[in-house]
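1. compute the structure for the input listed below.
(2 chains)
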Amino acid sequence: MPPGEIEAFLDFLQEPTFILTGAGEVVAANHAARRIAGGDAVGRQLTDLAASPGEEVRTYLGRCSGSAQPSVGALVLRDAQGGTPRYRVYGARLRGDALRLAIRCVPAESGEFSILARKVQELNAEIHARRRTQAGLEEALRRNETLLRELHHRVKNNIQLILGLFSAAERETNSQEVKTFLSDAKRRLIAIGTAQNLMYQSQQMRTLSLGPLLRALCEAIGVAFRTAGRIEVRTVDADVSNETAFPLALIVNELVTNAFKHGCPSAESVVEIVMDRDGADFVLSVRDGGPGIAADAPGRRSSGLGLVQGLCRQIGGSFTVENAGGARCIVRFPARTIEEVGA
Amino acid sequence: MTMPTLIPHSGANGSMNGAVVSAEDGSGQDAALESIRILIVEDDWFVSMEMEHVVETEGYDVVGVATSAEEAVSLAGQRQPDLILMDIRLRGGSDGVEAAIEINRRHGIRCLFCSAHTDPGTLERAQAATPAGWLAKPFSGPQLLEAIAVALDGLGLLD
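-> I've put the predicted structure just below:
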């Protein structure tokens, strides 16, 4: 390579780079090296340009002269501005007859060890950021749990409030028809509230257990009829989706209330509620000890049954009434899984 | 397969008697109940009005209605009720559990908690007040009377 091209190549390197004699005298220096030296460095000793102790520099150069593979060392230079920048240096003997050493000075902060240090720093920063995100998510989760609980409380309190409103209206009206209407509406609200409360207690937002639901409903209804008979409940242990559970709560309320009102001639009468599984269906049966339901069931009882019919359609079920030693109301509805419901 | 299951207060045959109390016919007046003094602590006006109506119609003596924890503690001291129906979230963000603990400590009067807050944390916290019972909102009039009767029975105040 012609001499001019060597200088040009040296200037191409960004880091201060020197070519030295075996004795440590500068024979060539690139632009960056000249800037450190504050002018032409040729002819000067590297030890003069270094802030590192001369002995250390000479030992390092001795090491470099023994190998064409770069030796790594540390060097502090003294720049023209009086600063003492630190370098990681790579030095080796150049191929050729004369002993020439090339020394490349890489600023310490961009050396490979500092790359590792920086990597560690980055990882630390990332861990820190992730921890912060994690803490943020946990906080958000807690906040949402609180919000959900608040929402549940609000729903339940609002149902209680509506019950209060209906009761106030019930006391004010003189119309027996309005009183009955409000009283029925309150019982239906209680059925919805009972299901809502179970949802809150189970902390399940999508399903309800049939057993606890039926028992809670029957208890709520039973307590409202002082002279009526006994309730017997038998139920499979299974979950239903909320889409089914809330209409079902209203259906059970209607049928059991009806059984108490019209199907219990004496305190010894029994209202029997059975929830069974039959293949792909659940079958609810409510049997009382009354006179049965006439085919063209007139009056109030039929309006309640109309509601049952509508709600049965809503849950994809069917509703039949049999008269056999009392009325037996049967609701058959599909035991759909959550996936099938596609909630 | 059908599994027989029991409902609360029921016998082994899975049956229970129809409720013994009701506000439905409004004829629940009972001379013995008139001597039982009940304080209502509830900050929702419509709800407190309904509770007062149901409890009075049954024949109990409602000695006051408080809407905050402070008022509850003060009224409990003045009126010395036999039983307090205690909501938990009260006016001004005050806390019915704290009021119940304070009232129990000062006067030994017990509370039937009537609240939407029936989470395990609240139940645990309320243990310090030795509750006379729990009634989850929303509840009906008959359910309220049933809970009061059970609470009074537990306190030995019903013959």
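2. any part of the helix or strand containing A:Arg142 near chain B?
-> Using DSSP states H and E, the element containing A:Arg142 is helix A:112-172. Yes - under the criterion of CB under 8 Å from any CB of the partner chain, helix A:112-172 makes contact with chain B via A:149, A:152-153, A:156-157, A:159-161, A:163-165, A:167-168, A:171. Any C-beta I mention is one placed from the backbone N, CA and C, and that applies to glycine too.
3. need the buried ones from those residues selected in ChimeraX.
-> Remark: buried members of those, expressed as a ChimeraX selection using 16 or more other CB atoms under 10 Å in any protein chain shown:
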select /A:149,152,153,156,157,159,160,161,163,164,165,167
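4. closest to B:Gly64 among the residues of helix A:112-172 next to chain B?
-> Using CB to CB, A:Gly164 is the member of the residues of helix A:112-172 next to chain B that sits closest to B:Gly64, with 18.5 Å.
5. please identify the helix or strand for the residue nearest to that closest one when sequence neighbours are not counted.
-> Distances taken as CB to CB, 6 or more residues apart in numbering or on different chains put B:Phe46 closest to A:Gly164, at 3.4 Å, once the chain neighbours are dropped. Using DSSP H and E, B:Phe46 sits in helix B:45-58.
6. swap in A:Tyr87?
-> Element membership of A:Tyr87, judged by DSSP H and E, is strand A:86-93.
7. I'd guessed B:Val47 sits against A:Gly164; true?
-> Yes - counting by CB atoms under 8 Å, A:Gly164 is a contact partner of B:Val47 at 4.8 Å.
8. coming back round to it: just the angle between the strand holding A:Tyr87 and helix A:112-172, please?
-> Orientation check (axes from the mean of the first three to the mean of the last three CA atoms, to 10 degrees): strand A:86-93 against helix A:112-172 gives 140 degrees.
9. other residues contacting strand A:86-93?
-> By CB atoms under 8 Å, 6 or more residues apart in numbering or on different chains, the surrounding residues in contact with strand A:86-93 are A:15-16, A:60-61, A:63-77, A:99-108, A:111-113.
10. quick one: the strands in chain A?
-> Secondary structure of chain A (DSSP state E): strands at A:17-21, A:26-29, A:71-76, A:86-93, A:100-107, A:207-209, A:230-235, A:239-241, A:270-278, A:281-287, A:318-323, A:327-334.
11. which strands or helices does the fifth one pack on?
-> To tie it back to what came earlier, the one meant is strand A:100-107. strand A:17-21, helix A:54-65, strand A:86-93 (3 or more CB pairs under 8 Å, 6 or more residues apart in numbering or on different chains; DSSP states H and E).
12. convert the last one to CSV, retaining C-alpha atoms only.
-> The one in question is strand A:86-93. The C-alpha coordinates for strand A:86-93 follow below in CSV (Å, rounded to 0.1, in the frame of the first residue of the first chain):
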residue,chain,number,x,y,z
ARG,A,86,-9.1,6.7,29.3
TYR,A,87,-8.8,4.2,26.5
ARG,A,88,-8.9,0.6,26.0
VAL,A,89,-6.0,-0.1,23.6
TYR,A,90,-5.5,-2.8,21.0
GLY,A,91,-1.8,-3.1,20.0
ALA,A,92,0.0,-5.5,17.7
ARG,A,93,3.1,-5.9,15.7
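13. can you count the residues close to B:Cys111?
-> 31 (other CB atoms under 10 Å in any protein chain shown).
14. correct me if wrong: it contacts B:Glu102.
-> No - the criterion here is CB under 8 Å, and B:Cys111 misses it with B:Glu102 at 10.7 Å.
15. rewinding a little: export the helices and strands packed on strand A:100-107 to TSV and tack on mean neighbour count, distance to B:Leu145 and mean pLDDT?
-> Formatted as TSV, the helices and strands packed on strand A:100-107 follow (neighbours: other CB atoms under 10 Å in any protein chain shown; distance: least, CB to CB, whole Å; pLDDT from 0 to 100):
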stretch	mean neighbour count	distance to B:Leu145	mean pLDDT
strand A:17-21	22	97	93
helix A:54-65	17	97	92
strand A:86-93	21	87	92
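16. for the ones you listed, which one sits closest to A:Lys186?
-> strand A:86-93 (84.4 Å).
17. just checking the distance from the closest one to the centre of its chain.
-> 52 Å (CA atoms, centre = their mean, to the nearest Å).
18. stretch B:35-44 too?
-> 8 Å.
19. same deal with stretch B:129-147?
-> Distance, centroid of stretch B:129-147 to centroid of chain: 5 Å (CA atoms, centre = their mean).
20. likewise stretch A:49-65?
-> Remark: stretch A:49-65 is offset 60 Å from the chain centroid, using CA atoms, centre = their mean.
21. from memory A:Gln309 sits against A:Val321, does it?
-> No - using CB under 8 Å, A:Gln309 is not in contact with A:Val321; the gap is 10.2 Å.
22. where does chain B dip in pLDDT?
-> Scanning chain B for pLDDT under 70 picks out B:1-31.
23. follow-up on the earlier one: what count of nearby residues applies to the residue nearest to A:Gly164?
-> Neighbours of B:Phe46 (other CB under 10 Å): 17.
24. repeat for A:Glu126
-> Residues within reach of A:Glu126, counting by other CB under 10 Å, total 10.
25. how about the contacts made by it?
-> So A:Glu126 contacts nothing (CB under 8 Å, 6+ apart).
26. was I right about A:Phe246 contacting A:Ile192?
-> Yes - in this structure A:Phe246 lies within contact range of A:Ile192 using CB under 8 Å: 6.4 Å.
27. so between these two, which is more surrounded?
-> A:Phe246 (21 against 18).
28. state the distance from the more buried one to A:Lys156.
-> 14 Å (CB to CB, to the nearest Å).
29. now A:Arg336
-> 27 Å.
30. any idea which element B:Val65 lies in?
-> Element membership for B:Val65 (DSSP H and E) is strand B:61-66.
31. list the pairing partners of that strand within its sheet, with orientation.
-> When pairing is defined by DSSP bridges, strand B:61-66 lines up against strand B:37-41 (parallel).
32. neighbours of residue 94, how many?
-> Assuming you mean chain A. 12.
33. wait, chain B
-> 18.
34. where do the helices sit along chain B?
-> Taking DSSP state H, the helices of chain B run over residues B:45-58, B:69-79, B:96-107, B:120-126, B:141-154.
35. quick revisit: now the angle from the helix holding A:Arg142 to helix B:141-154?
-> Using the same axes, to 10 degrees: helix A:112-172 against helix B:141-154 is 100 degrees.
36. let me know the angle separating helix A:112-172 from helix B:45-58.
-> Going by the same axes, to 10 degrees, helix A:112-172 makes 50 degrees with helix B:45-58.
37. and the helix holding B:Phe46, what's buried?
-> Applying 16+ other CB under 10 Å to helix B:45-58 flags B:Phe46, B:Val47, B:Ser48, B:Met49, B:Glu50, B:Met51, B:Glu52, B:His53, B:Val54, B:Val55, B:Thr57, B:Glu58 as buried.
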